[in-house]
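[1] this one's sequence-less:
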């Protein structure tokens, strides 16, 4: 990470922006070849309906819920990548350029600070990333031939791309460019839902030339997708997935995001963050108790610090009470049973500890107690899938010992957010 006063010349992004604009222009100008004989409008409509009925006949319920019966040539996406350390928003546009290929353009905006006092004082790090990638939906041709799906972008893919990013703060700034490849699982869900997760390998290089790294991480993007749809969903068919009449009283769940990270450069970092949660409904009421545990284990080397090895470990415990305030409304509309799949208000207590130990016996300990007030959305799907998103405020009660040499206590209100997408046992 280089200082903003670095004398090394920083190339402008003009060439990159020209390339992006050219590619986007080609996307919109590209049109598929039109057959010499065009059927009449009524005949075309009958063909569409017949094709729709044939596709739905061969689909399972999940494919239907994932909108695989819809022909899709473009998608506009608003995502919130699941990350415990950043406020992160992603705007994306994806356009099909061939039967199994598309171009995907993203703009990421993020901030590393969640403290309101720091934000007001501009003592925080933020930035943006612009990326473009080519995606190959490698199963699409075969699945269309088997009449299982229509041509769309709700399927598995391989991608190759590059990105340009800038980071700003009150103390430093830098520019970087990444070249990456990834395997992903993208799905639309019930018209406007969107999820995209998988594994990403990338090479990161700062423009200053001081740092290069290879990282392998999993990624999880959850948000909304918009496009033109031709057909209405039959919600009754989807009740086994939407759990229209189920009344779950106790669930065990695990958030799979942030589970594993690997970074290789002059330094090496390996991180593992398993998560488990238990939620119990209180009788037949709209209230529940949720308890969650996340463990942190990581190892790194820092060659500039005399080849010191760094070990880290810790935990994060959350205990909160939830009120599912719209549960009765969802039951009356046939969207849920008297269970744990609804919107909620929550008041909770968060206790976390993290210790980082250096080979030189230098040690960093962090201990936080925090009270949280939030509102969220939890949905349970089928037997094993769930997602949980919440936003609110947290009040820090005390914090921490720094490098075993400086003790300080920090009070204040912080923004609080949590994203979970994972497996239900």
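    On my side now, so go ahead. In this text, all values refer to a predicted model and were calculated from it rather than measured experimentally.

[2] residue ranges with poor pLDDT in the protein?
    1-59, 82-87, 112-125, 169-172, 206-212, 258-269, 301-309, 358-361, 398-412 (pLDDT under 70).

[3] domain ranges for it, per the record?
    58-233, 235-259+273-425 (automatic domain parsing).

[4] columns mean neighbour count on top of those, output as CSV?
    For the C-beta atoms, the positions are set from N, CA and C on the backbone; glycine is no exception. As requested, the domains of the chain are exported to CSV (neighbours: other C-beta atoms under 10 Å):
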stretch, mean neighbour count
domain 58-233, 17
domain 235-259+273-425, 16
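
[5] ok, and the closest non-adjacent residue to residue 101?
    residue 136 (5.6 Å; C-beta to C-beta, 6 or more residues apart in numbering).

[6] which strand is the longest one in this structure?
    If you go by DSSP state E, the chain has its longest strand at strand 363-381.

[7] give me the contacts around the next helix or strand after it.
    Next helix or strand after strand 363-381 toward the C-terminus (DSSP states H and E): strand 385-398. Residues from elsewhere that reach strand 385-398, judged by C-beta atoms under 8 Å, 6 or more residues apart in numbering: 80, 195, 222, 251, 253, 255, 346, 350, 367-380, 409-424.

[8] and strand 385-398 with strand 363-381, angle?
    Counting by axes from the mean of the first three to the mean of the last three C-alpha atoms, to 10 degrees, strand 385-398 lies at 150 degrees to strand 363-381.

[9] from the rest of the structure, what touches stretch 292-299?
    With C-beta under 8 Å, 6+ apart as the criterion, stretch 292-299 contacts 255, 261, 268-278, 309-319, 354.

[10] can you tell me how far residue 337 sits from residue 245?
    Distance of residue 337 to residue 245, computed by C-beta to C-beta, to the nearest Å: 5 Å.

[11] residue 255 and residue 422 touch, don't they?
    Yes. Checked against C-beta atoms under 8 Å, the pair residue 255 and residue 422 is within contact range at 4.4 Å.

[12] now the strands for the stretch 151-300 of the chain?
    Per DSSP state E, counting those that start in this stretch, the stretch 151-300 of the chain carries strands over the ranges 156-168, 173-189, 193-206, 212-226, 250-255, 260-265, 268-272, 275-281, 287-302.

[13] of those strands, which is nearest residue 127?
    Closest approach to residue 127 among the strands of the stretch 151-300 of the chain (C-beta to C-beta): strand 156-168, 3.9 Å.

[14] helices or strands up against the closest one?
    strand 101-111, strand 126-136, strand 173-189 (3 or more C-beta pairs under 8 Å, 6 or more residues apart in numbering; DSSP states H and E).

[15] try it again with 10 Å
    Using 3 or more C-beta pairs under 10 Å, 6 or more residues apart in numbering; DSSP states H and E, the elements in contact with strand 156-168 are helix 14-29, strand 101-111, strand 126-136, strand 173-189, strand 193-206.

[16] tell me the angle of the last one relative to strand 385-398?
    It stands for strand 193-206. Using the same axes, to 10 degrees, strand 193-206 lies at 60 degrees relative to strand 385-398.

[17] what touches both of residue 255 and residue 422?
    82, 220, 275, 276, 277, 386, 387, 388 (C-beta atoms under 10 Å, 6 or more residues apart in numbering).

[18] out of those, which comes closest to residue 101?
    Nearest to residue 101 out of the shared contacts of residue 255 and residue 422 is residue 220 (C-beta to C-beta; 23.8 Å).

[19] please name the bridge partners of that closest one.
    In this entry, residue 220 is beta-bridged to residue 197, by DSSP bridges.

[20] that one and residue 257 touch, don't they?
    Yes. Look at residue 220 against residue 257 with C-beta atoms under 10 Å: they come within range, at 4.0 Å.

[21] from residue 312, how far out is the closest residue to residue 73 other than its chain neighbours?
    Among residues not flanking residue 73 along the chain, residue 96 sits closest, at 4.7 Å (C-beta to C-beta, 6+ apart). For residue 96, the distance to residue 312 equals 43 Å [C-beta to C-beta].

[22] would CSV of the shared contacts of residue 255 and residue 422 with distance to residue 395 be doable?
    Formatted as CSV, these follow (distance: C-beta to C-beta, whole Å):
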residue, distance to residue 395
82, 24
220, 28
275, 24
276, 26
277, 22
386, 28
387, 26
388, 22
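
[23] tell me the SS of the closest residue to residue 244 other than its chain neighbours?
    Distances taken as C-beta to C-beta, 6+ apart place residue 334 nearest to residue 244, at 5.4 Å, with adjacent residues excluded. Judged by DSSP: H, G, I helix; E, B strand; the rest coil, the three-state class of residue 334 is coil.

[24] check contacts around residue 334.
    By C-beta under 10 Å, 6+ apart, the neighbours of residue 334 are 235, 236, 239, 242, 244, 245.

[25] circling back to that earlier point, quick check: neighbours shared by residue 337 and residue 245?
    Here residue 337 and residue 245 share the contacting residues residue 331, scored by C-beta under 10 Å, 6+ apart.

[26] rewinding a little: now, among the shared contacts of residue 255 and residue 422, which is nearest to residue 341?
    residue 386 (8.3 Å).

[27] in which helix or strand would I find the closest residue in space to residue 150 that isn't next to it in sequence?
    Computed as C-beta to C-beta, 6+ apart, the closest residue to residue 150 that is not its neighbour in sequence is residue 71, at 4.7 Å. Residue 71 belongs to no helix or strand when assigned by DSSP H and E.

[28] gap between residue 71 and residue 130?
    Taken as C-beta to C-beta, the span from residue 71 to residue 130 is 29 Å.

[29] dump the residue contacts of the residue nearest to residue 77 when sequence neighbours are not counted.
    Spatially, and ignoring its direct neighbours in sequence, residue 77 is nearest to residue 92 (4.0 Å; C-beta to C-beta, 6+ apart). Neighbouring residues of residue 92 by C-beta under 10 Å, 6+ apart: 75-79, 104-108, 131, 194, 196, 221, 223, 225.

[30] out of those, who's nearest residue 325?
    Using C-beta to C-beta, these come closest to residue 325 at residue 223, 23.1 Å.

[31] for the closest one, list the residues it contacts.
    77-81, 89-92, 192-196, 389.
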